[in-house]
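Asks: Would you be able to build a 3D model of this:
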Amino acid sequence: MKEEKEYLEYTIKKYDEVIKDSKFKIKNLKKYYNDYDEMMDELERLEHKINKTIESKEKPYFARIDFQSDKKETCYIGKLGVSDYDNNIITVDWRAPISSLYYDSNIGTCEYNSPSGIIKGNLILKRQYEIDHQKLINCQDVDTVSNDGILKPYLSVSADTRLKNIVSTIQSEQNKIIRYPLKNIIIQGVAGSGKTTVALHKIAYLVYNYQDIIKPKDYMVIGPNKFFVQYISKILPDLDVNGVVEYTLEEILEKYTNEKFKINNQLDKVIEYDEVSELKTSLKMKKIIDNYIEKIKIYPDNILIENVEIVSNERLKQITKEINNTYKTIREKQERLKLILDKYIKEHKQTLIDKLIKSNINNKIIQEFKRNHSKYIKNNIPKIKSIKEYYKTILIENNINQKEFEIEDIPSLLYIKYKLGNDIFDNYKHIVIDEAQDYGKFMFYVIKKIFKNATFGIFGDLAQSLYTYRSIKDWNIVKDIFNSEIEYLNKSYRTTIEIMDEANIINRKLNLSLATPVIRHGEKVEYTNKTIEEIIKSIKEKYNTIAIITKTLNEAQELHKKFKEYDLITPQDISYESKITILPSYLSKGLEFDAVIIIDTFDKENKIDLKLLYVSMTRALHKLYIKM
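Replies: Next up, the predicted model:
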C-alpha cells in the first residue's frame, strides 16, 4: 500500500505538470500558429485536455497490469489516457488495445490485438484500485474482473437519474462486444445485462480507435423515445465523447423528410393483433409503395413555351429511357433530365429562338427565354408533392382510413422519401439502435437504406418485445437484412437474485431464455395489499430513487392526481429529478431504480401484459413490491 500510495502521488504530480504545460502552451499559441482557425482549433483541444485531466485527477486510474512480452510493460489503466509533453505515458486509456488484457485475460500466457498485429506474452499482475478524491482507499490483486465478490460493491450502490460509465467493471462478454470491429452486430441482452451501457461504451471505443477516419458527429444513437435519449445523453461526454447525434425515430423522420409530423406513440393502444399495423410494418408495404411510386408522373410529355414545342415528346422518351436505366430515385432522375435538357437547349438555342419568332410569341417572353431558359425547363417538369400527400393517397388506395400518424407509419414515410431521393444521412458511419426488439422488418430494411454508408450495432431483448404484430420474434430475420453476427448478454447485473428469480417465472411462461443473475442477494419480492403511502413511508429514507410503475399511461396520470408531489413521466418528458417517480410500464424500459412499486393490473394470461410486467419488475435494483 505504501508503494501504491507513493505512485498515486507521483501520478497526480505528473497530471499537474500536464495541466501546467498545457496552460503555458495556451499563453504562447500565437508564437506557434499563423493561421487563426488552426490556432483556435488548438486552443479548443488544449482547453478540453486541461478540463478532462483535472476531472480525471480525482481518480486517475482504476487498474494496473504488468505484461511481459519483448519487454516488461506496466500500465495504469484509467478512464482517460494521459501522456506528458515528452510523450511519456502516465495512464493508459481503457479503450487502448493493451487494456483488453485487464478485461479478458487471466494471469499467465495471453495475447492482445494491436494495430501492428497480435502481441503475445505473459500477464504477470492484474490489480484493482479504489481511489476517491485522490486518496487510495484500497487495492487488490485479481485474476479475473468477473469475480462476483469484486462486482458486489459496484452493484450494491444506489441508482441515479442517469446511466453511469462502467469502465472499471466491464465484463469479458461485454468487452467482446465493446471492442467488436466496425461491422454489423446484433446483441440479444437480457434485462439488466448492461445493453445500453455497453452500446454507449462501444461508441466511445470506436471514436477512440477510429478517430483518424471517423469523427464523433458521424455516429448516431437511436432511442425509443425522447425521455430515454435524454436519460443516456450524459454518459458519452463522461466517456470523453462529444458530438455524437442522439435521435428518436420521430426526429429521424422529420430530419430526413424535412416535414413536421405529429406521431401517436403511446402503448396504451396496443392490441393483440392489428391487421393494418401488421401490413404497415411488413415488407408488403414496401411493395405497395414501390408500385405507387412507379405510377407517379415525374417527366413532362414535352417542353412548351406558350404552346410552342421546343423539346418533342419523342426526344423526351429517348432521354428518359436512358435516365431510367441509370438512376434510381426520382430526384436523381429529374436532376439528370434538367441537365440534359439544359445542354440540349444551349446547343440549339438560336434555332429554338427562330422557331419562337416564327410562331409570333411575345418578344418579352423570347427575351426572357434568352436570359434564363432553365426557368422554362423547370416549369414544365412535374412538381414533387409532400411525403404526407403521397402517403395519404397510398392509404386511401388501399382502403386504409386513419386520422393521425402513428409509429407504424414511420417506415413508410421514410421509404417514400428514400424513393424520391435524399442523401442527408450518407455521412453517418456507425448507428447504434437501442430497444430494437420493437422495430418491424420494414423499419430495419428502411434504416439500412437511408444510412447506406453505415455499420450498425443493434441492441435489444426479445423478452421485452411488446407488439405482437411488429416486434422481432427471431433475430435471424434482422441478421439476414444486415448480414451480421448475433452475440448474447445473458447475465443480469442490475437486480438481486430474488428479483430476477421472480422475473424469470415470466420468461418460463413465455418460453424465453432465462437471465442469470450475478450472485447478489437481497430482500424477497413483496406481494402486498399495503397502501402506496405505507410503502413509501417505510422505504423513502432507505433508497435514493423509487419508481411507482403502472400498466398504462392513463393509470399513471390518474395516480399522479393523488400524488402530485411526485414526478410523472410521460412520452413528452425528457428528464426527471424527483426521488419518487410515477410512470407507465412501457416508458420504464432501459431505466433502473433502487426500489420499484408495481401497481398490478396486468392480465397474467395476456402475453403483452406479461412482457410489460417483466419489464417493470426488472427495473428494480434492490427492492420490489407488487401491490395487489
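Asks: all contacts plus neighbour counts: C-alpha atoms, from now on.
Replies: OK.
Asks: What mean pLDDT does the lengthiest helix in the chain get?
Replies: In the chain, assigned by DSSP state H, the helix with the most residues is helix 2-27. For helix 2-27, mean pLDDT rounds to 96.
Asks: Return the set of buried residues in it.
Replies: Using 16 or more other CA atoms under 10 Å as the test for burial, helix 2-27 gives 8, 11-12, 14-16, 18-19, 21-23, 25-26.
Asks: So, low pLDDT: which residues of the stretch 151-300 of the chain?
Replies: 151-164, 265-273 (pLDDT under 70).
Asks: quick one: pLDDT of N606?
Replies: For N606, the predicted pLDDT is 89.
Asks: Tally up the residues packed near Q171, please.
Replies: Counted with other CA atoms under 10 Å, the neighbours of Q171 add up to 21.
Asks: Kindly spell out which helices and strands sit in contact with the next helix or strand after the longest helix of the chain.
Replies: Remark: after helix 2-27, the chain's next helix or strand is helix 29-32, criterion DSSP states H and E. The contact analysis (3 or more CA pairs under 8 Å, 6 or more residues apart in numbering; DSSP states H and E) places helix 29-32 against helix 36-57.
Asks: Counting by contacts, list what the helix it packs on packs against.
Replies: Against helix 36-57 (3+ CA pairs under 8 Å, 6+ apart) you get helix 2-27, helix 29-32.
Asks: Format these as JSON lines; extra columns: distance to N380.
Replies: Converted to JSON lines, the helices and strands packed on helix 36-57 look like this (distance: least, CA to CA, whole Å):
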{"stretch": "helix 2-27", "distance to N380": "59"}
{"stretch": "helix 29-32", "distance to N380": "57"}
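Asks: and D474, which of those helices is closest to it?
Replies: helix 2-27 (49.8 Å; CA to CA).
Asks: and the closest one with helix 36-57, angle?
Replies: 160 degrees (axes from the mean of the first three to the mean of the last three CA atoms, to 10 degrees).
Asks: chain center to helix 2-27, what's the gap?
Replies: 36 Å (CA atoms, centre = their mean, to the nearest Å).
Asks: same check, this time on stretch 243-254
Replies: 9 Å.
Asks: Show me what I185 is bridged to.
Replies: G457, E485 (DSSP bridges).
Asks: Could you tell me which residues make contact with the closest residue to Y76 other than its chain neighbours?
Replies: In this structure, Y76 finds its nearest non-sequential neighbour in R64, 4.4 Å apart by CA to CA, 6 or more residues apart in numbering. Counting by CA atoms under 8 Å, 6 or more residues apart in numbering, R64 touches T74, C75, Y76, I77, Y102, L125, K126, R127, Q128.
Asks: Just those: which are in helices?
Replies: Y102.
Asks: Out of the contacts of R64, who's the most crowded?
Replies: Y102 (29 neighbours).
Asks: That one and K126 touch, don't they?
Replies: Yes: applying CA atoms under 8 Å, one finds Y102 in contact with K126, separated by 6.7 Å.
Asks: Which neighbours do the two have in common?
Replies: In contact with both Y102 and K126: A63, R64, I65, using CA under 8 Å, 6+ apart.
Asks: Filter those residues down to just the ones in strands.
Replies: Counting by DSSP state E, the part of those found in strands is A63, R64, I65.
Asks: so who does the last one touch?
Replies: What that stands for is I65. T74, C75, Y76, I77, L101, Y102, L123, I124, L125, K126, R127.
Asks: one more time with 6 Å, if that's ok
Replies: Residues near I65 by CA atoms under 6 Å, 6 or more residues apart in numbering: T74, C75, L125, K126.
Asks: As TSV, those residues with distance to I357 would be great.
Replies: Converted to TSV, the contacts of I65 look like this (distance: CA to CA, whole Å):
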residue	distance to I357
T74	88
C75	85
L125	92
K126	90
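Asks: R331: which of the residues you listed is nearest?
Replies: For the contacts of I65, the nearest to R331 is C75 (54.8 Å; CA to CA).
Asks: quick one, strands of the stretch 251-400 of the chain?
Replies: Using DSSP state E, counting those that start in this stretch, the strands of the stretch 251-400 of the chain run over 263-264, 303-305, 308-311.
Asks: The shortest one packs against which elements?
Replies: It refers to strand 263-264. When contacts are defined as 3 or more CA pairs under 6 Å, 6 or more residues apart in numbering; DSSP states H and E, strand 263-264 sits against strand 405-406.
Asks: chain center to the strand it packs on, what's the gap?
Replies: In terms of CA atoms, centre = their mean, the centre of strand 405-406 is set 22 Å apart from its chain centre.
Asks: same check, this time on stretch 502-512
Replies: 28 Å.
Asks: tell me which residues of that stretch are tucked away?
Replies: A503, N504, I506, N507.
Asks: for stretch 581-600, same thing?
Replies: Buried-residue list, stretch 581-600, by 16+ other CA under 10 Å: 581-599.
Asks: Counting only strands, which of those make the cut?
Replies: Per DSSP E, the subset of those in strands is T581, I582, L583, P584, F593, D594, A595, V596, I597, I598, I599.
Asks: Check whether the fifth one really touches T618, as I assumed.
Replies: No: taking contacts as CA atoms under 6 Å, F593 lies outside contact range of T618: 9.5 Å.
Asks: what's the offset of stretch 24-31 from the middle of its chain?
Replies: 39 Å.
Asks: what about it, how long is it end to end?
Replies: Stretch 24-31 has an end-to-end distance of 12 Å (CA to CA, to the nearest Å).
Asks: Spatially nearest residue to T74, not counting backbone neighbours?
Replies: Per CA to CA, 6+ apart, closest to T74 is D66, 4.5 Å.
Asks: what's near enough to touch that neighbour?
Replies: So D66 contacts E73, T74, I124, L125 (CA under 6 Å, 6+ apart).
Asks: And the closest residue to I65 other than its chain neighbours, how far from Y7?
Replies: Sequence neighbours aside, K126 is the residue nearest to I65 in space, at 4.7 Å (criterion: CA to CA, 6+ apart). Noted for K126: a distance of 16 Å to Y7, by CA to CA.
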